[in-house]
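Undergrad: Predicted coordinates and the sequence they were generated for:
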Amino acid sequence: MRWLFSLTVAVGAQALFEQTFRSSSVVVQPFTILERSPLYDPHNTNLFLICPNGQAVAEPGAAIYKSNGELVWADSSFGNCYDFNLQEYNGEQFLTLWVGAGSAAVGQQMGFGTVMLMNSNYELVMNVSAVNPEGTDLHEFNIVKPENKTVLVTAFHTIPMDLSSIGGPVDGWYSNGVIQEIDIATGDVLFNWTTYDHIPLSESYNNISLTGQGFEANNSFDAVHINSIDKDREGNYIISARHSQAIYKIAANGTILWRLGGKMSDFTAIGNDTEFHFQHHARWRLDESELSLFDDGAAVFISTVNVIDEPVATGKYLKVDQEKMTVELTKRFFPSPNSNYALAEGSVEPYGDTVLVGYGWVPWVEAYSFDTQELLFSAVIGPNNASLWDGGIGNYRAYQTSTLEFTGHPTQPPNVSVTGGDVYVSWNGATHVSSYTLFTGNSATNVSKKVARVPKSGFETKISAKGSQNFIAVAALAANGTTLGKSAVYKLSDGTIA
Ligand SMILES: *[C@@H]1O[C@H](CO)[C@@H](O)[C@H](O)[C@H]1NC(C)=O
Ligand SMILES: *[C@@H]1O[C@H](CO)[C@@H](O)[C@H](O)[C@H]1NC(C)=O
Ligand SMILES: *[C@@H]1O[C@H](CO)[C@@H](O)[C@H](O)[C@H]1NC(C)=O
Ligand SMILES: *[C@@H]1O[C@H](CO)[C@@H](O)[C@H](O)[C@H]1NC(C)=O
Ligand SMILES: *[C@@H]1O[C@H](CO)[C@@H](O)[C@H](O)[C@H]1NC(C)=O
Ligand SMILES: *[C@@H]1O[C@H](CO)[C@@H](O)[C@H](O)[C@H]1NC(C)=O
Ligand SMILES: *[C@@H]1O[C@H](CO)[C@@H](O)[C@H](O)[C@H]1NC(C)=O
Ligand SMILES: *[C@@H]1O[C@H](CO)[C@@H](O)[C@H](O)[C@H]1NC(C)=O
Ligand SMILES: *[C@@H]1O[C@H](CO)[C@@H](O)[C@H](O)[C@H]1NC(C)=O
Ligand SMILES: *[C@@H]1O[C@H](CO)[C@@H](O)[C@H](O)[C@H]1NC(C)=O
Ligand SMILES: *[C@@H]1O[C@H](CO)[C@@H](O)[C@H](O)[C@H]1NC(C)=O
């Protein structure tokens, strides 16, 4: 399954899938809209937070797109990122994202890295890391609400372990799944729990004779594979484990209180389709009466053997009655227009009366009506090309914000390129630009004559320089006419900054 976690940088023709611009150095996958209800996001206020990565992604990085497909911001300076989200810490909004190296050498879909907090100026202001020799894993960075002072992170740590009970070596190697709750301000570890201490090998669906894991420290046995952590208001934790196909509730003293799914489920199903396989992103919803999760339906344990339990990946809401110990499916969100299982990754997140499902390993981002489960919006990261959907382009989780709650203020001014008598302008990260005004003048210190005001027409807007004098500058305006920023003054003759 080494190929599953792709960190290689693609070369040559594959880079053709990326968008490039005249006025900006960003290189980014397009966000291709496949279906859209007229009722969905009529004013294009939604912003999708995406980290495209995979073998066909020449420049992995983070990107923000609007629901009309328009790029708002991209940055590839930190390379691979995962779990890009907007969260609050200490009363302030931060864009949070995991960056680092994958553990290709460990043969697992895990990472060694750190989580960066970026302010609304897109400045990296803080890093948060697990207290773990290998760093923070890429799977979770969940700031605990409503206090917004601590964060739940995953990590893993290779340790020696006797694996003979499952057909492995006595002197084998185990990938110990670690969950920690960290005080963001101090870095103190408030909760530290490991799979080695609590989950027996017998719960794993990872078959050692198929994967060959566990014989070397650099390919340790990934028995449990934690991929999400949530906390309830009583202080218990909920973790999702891909390789035991179960969700665990863990008390603050570390005791496992119950298991949902997997080989030792404590729950009785009411009705159909409550089971899930290789699931991701388990979260309490609806006053902690239901769990949402992404049911991948499939996994690969070695590259020649796909373990597929369901033909299609879906987002699910499960009603969990912790007194009667029953579980019942209440909502299911099916992908459209395409339909497939997902080998890995994925997310389910409600926003208002909609639910956003990210299909992870298949790069679909789809929004549904929460009430009716009807599809409202469907997009694919990259071109609409199915041959890129199994390792070419993926996105770990899809999150959303909106221009009504987030305002991006880049520190750089709008950037301009003058080409063939036209002015191209973009302002990477500015969320509230509605139009641009081109100014001109005969001296670099007096560029005050208005040439044209044109509506913003995408990430980059083209303005005819007709009627301009020797020097130009461009101002970015909000819908209410306020000037949000001004470019440098450029020489029209050669496009250099005056
Ligand atoms: C600004 O635009 C110029 C082209 O005019 C380009 O060379 C440069 O890379 C751009 N800067 C950024 C930060 O995109
Ligand atoms: C893992 O380590 C062994 C030696 O212990 C070496 O032979 C093998 O090439 C290493 N594999 C990787 C993927 O680094
Ligand atoms: C955070 O970590 C990144 C990646 O390791 C590093 O480039 C950056 O300098 C760090 N920033 C801070 C504020 O520590
Ligand atoms: C914590 O953040 C959430 C948004 O994620 C916000 O609704 C809530 O008010 C914040 N709590 C505090 C104490 O600031
Ligand atoms: C977390 O627990 C593991 C296993 O008990 C231990 O090895 C590790 O040192 C602990 N880490 C911290 C930061 O307490
Ligand atoms: C593991 O896979 C092998 C080969 O397919 C099979 O013979 C064996 O029964 C499997 N073991 C378990 C515990 O499923
Ligand atoms: C751990 O906490 C649970 C739930 O609060 C409790 O039922 C259990 O007895 C505790 N176990 C120990 C060893 O304290
Ligand atoms: C559950 O699935 C079975 C088999 O597909 C079907 O016959 C039955 O009607 C379903 N039950 C409900 C409550 O949907
Ligand atoms: C689809 O992607 C494949 C790469 O996997 C590429 O060879 C092919 O040309 C692409 N098709 C189109 C129509 O771009
Ligand atoms: C600036 O240029 C405008 C014409 O574009 C002119 O009317 C104005 O007097 C100039 N101002 C100064 C201070 O030179
Ligand atoms: C104009 O719009 C901008 C961007 O949305 C906003 O920051 C500013 O407060 C508005 N100004 C007025 C006067 O409404």
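TA: Yep, it's here. Ligands and ions are numbered 1, 2, ... in the order given.
Undergrad: hey, where'd the helices end up in this structure?
TA: Applying DSSP state H to the chain gives helices spanning 195-198, 208-211.
Undergrad: Ok, which of these comes nearest I239?
TA: I239 sits nearest to helix 195-198 of all those, at 9.0 Å, using Cβ to Cβ. Glycine gets a C-beta too; all of them are placed from N, C-alpha and C.
Undergrad: Give the other helices and strands that that closest one contacts.
TA: strand 172-183 (3 or more Cβ pairs under 8 Å, 6 or more residues apart in numbering; DSSP states H and E).
Undergrad: and the gap between A246 and ligand 5?
TA: 21 Å (Cβ to the nearest ligand atom, to the nearest Å).
Undergrad: Export the helices of the chain as a markdown table, with columns for mean neighbour count and mean pLDDT.
TA: Below are these laid out as a markdown table (neighbours: other Cβ atoms under 10 Å; pLDDT from 0 to 100):
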| stretch | mean neighbour count | mean pLDDT |
| --- | --- | --- |
| helix 195-198 | 17 | 98 |
| helix 208-211 | 16 | 89 |
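Undergrad: mind checking which of those is nearest ligand 4?
TA: Nearest to ligand 4 among these is helix 195-198; the distance by Cβ to the nearest ligand atom comes to 28.4 Å.
Undergrad: where in the stretch 201-350 of the chain is pLDDT low?
TA: The stretch 201-350 of the chain contains residues with pLDDT under 70 at 303-304.
Undergrad: mind redoing it with 80?
TA: Across the stretch 201-350 of the chain, the ranges flagged by pLDDT under 80 are 300-306.
Undergrad: closest to ligand 5 out of the helices of the chain?
TA: helix 195-198 (5.8 Å).
Undergrad: can I get the helices of the chain in a markdown table with distance to A342?
TA: Listed next are the helices of the chain as a markdown table, based on distance: least, Cβ to Cβ, whole Å:
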| stretch | distance to A342 |
| --- | --- |
| helix 195-198 | 23 |
| helix 208-211 | 19 |
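Undergrad: I'd like to know which of those is closest to I159.
TA: Using Cβ to Cβ, the helices of the chain put helix 195-198 closest to I159, at 6.5 Å.
Undergrad: do the closest one and ligand 7 meet at all?
TA: No - using Cβ under 6 Å from any ligand atom, no contact is recorded between helix 195-198 and ligand 7, whose separation bottoms out at 12.0 Å.
Undergrad: what's next to that helix, contact-wise?
TA: Contact partners of helix 195-198, identified using Cβ atoms under 8 Å, 6 or more residues apart in numbering, comprise 159, 161, 174, 176-178, 223-224, 226, 241, 250, 254, 256.
Undergrad: 7 Å - rerun?
TA: By Cβ atoms under 7 Å, 6 or more residues apart in numbering, the list of residues contacting helix 195-198 from outside reads 159, 174, 176-177, 223-224, 226, 254, 256.
Undergrad: go on, stretch 123-139?
TA: Outside stretch 123-139, the residues within contact range by Cβ under 7 Å, 6+ apart are 82-83, 98, 100, 110-119, 151, 153-157, 178, 180, 182, 184, 189, 226-228, 411.
Undergrad: In strands, which of these fall?
TA: 82-83, 98, 100, 111-118, 151, 153-157, 178, 180, 182, 189, 226-228 (DSSP state E).
Undergrad: For the buried ones among those residues, write the corresponding ChimeraX selection.
TA: In ChimeraX, this line selects whichever of the ones in strands among the contacts of stretch 123-139 come out buried by 16 or more other Cβ atoms under 10 Å:
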select :82,83,98,100,111,112,113,114,115,116,117,118,151,153,154,155,156,157,178,180,182,226,227,228
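Undergrad: what does the chain put close to ligand 6?
TA: Going by Cβ under 6 Å from any ligand atom, the residues of the chain near ligand 6 are 207, 209-210.
Undergrad: mind redoing it with 8 Å?
TA: For the chain, the residues in contact with ligand 6 (Cβ under 8 Å from any ligand atom) are 166-167, 205, 207-210, 305.
Undergrad: got a list of what the residue sitting furthest away from the middle of the chain touches?
TA: Of all residues in the chain, N442 has its C-alpha farthest from the mean position, at 47.7 Å, by Cα atoms, centre = their mean. Residues near N442 by Cβ under 7 Å, 6+ apart: 469-470.
Undergrad: number of nearby residues for N80?
TA: Using other Cβ atoms under 10 Å, N80 has 25 other residues around it.
Undergrad: Just to check, it is in contact with V57?
TA: No - in this structure, N80 is not within contact of V57 by Cβ atoms under 7 Å, at 9.0 Å.
Undergrad: need the strands for the stretch 351-498 of the chain, in chain order.
TA: 354-358, 364-369, 375-381, 399-402, 415-419, 422-426, 435-441, 449-455, 460-464, 471-477, 483-486, 490-491 (DSSP state E, counting those that start in this stretch).
Undergrad: and those strands as JSON lines, adding distance to D295 and mean neighbour count?
TA: Output for those, formatted as JSON lines (distance: least, Cβ to Cβ, whole Å; neighbours: other Cβ atoms under 10 Å):
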{"stretch": "strand 354-358", "distance to D295": "10", "mean neighbour count": "24"}
{"stretch": "strand 364-369", "distance to D295": "14", "mean neighbour count": "24"}
{"stretch": "strand 375-381", "distance to D295": "17", "mean neighbour count": "23"}
{"stretch": "strand 399-402", "distance to D295": "19", "mean neighbour count": "21"}
{"stretch": "strand 415-419", "distance to D295": "43", "mean neighbour count": "19"}
{"stretch": "strand 422-426", "distance to D295": "39", "mean neighbour count": "23"}
{"stretch": "strand 435-441", "distance to D295": "44", "mean neighbour count": "21"}
{"stretch": "strand 449-455", "distance to D295": "42", "mean neighbour count": "15"}
{"stretch": "strand 460-464", "distance to D295": "39", "mean neighbour count": "19"}
{"stretch": "strand 471-477", "distance to D295": "43", "mean neighbour count": "23"}
{"stretch": "strand 483-486", "distance to D295": "43", "mean neighbour count": "15"}
{"stretch": "strand 490-491", "distance to D295": "53", "mean neighbour count": "18"}
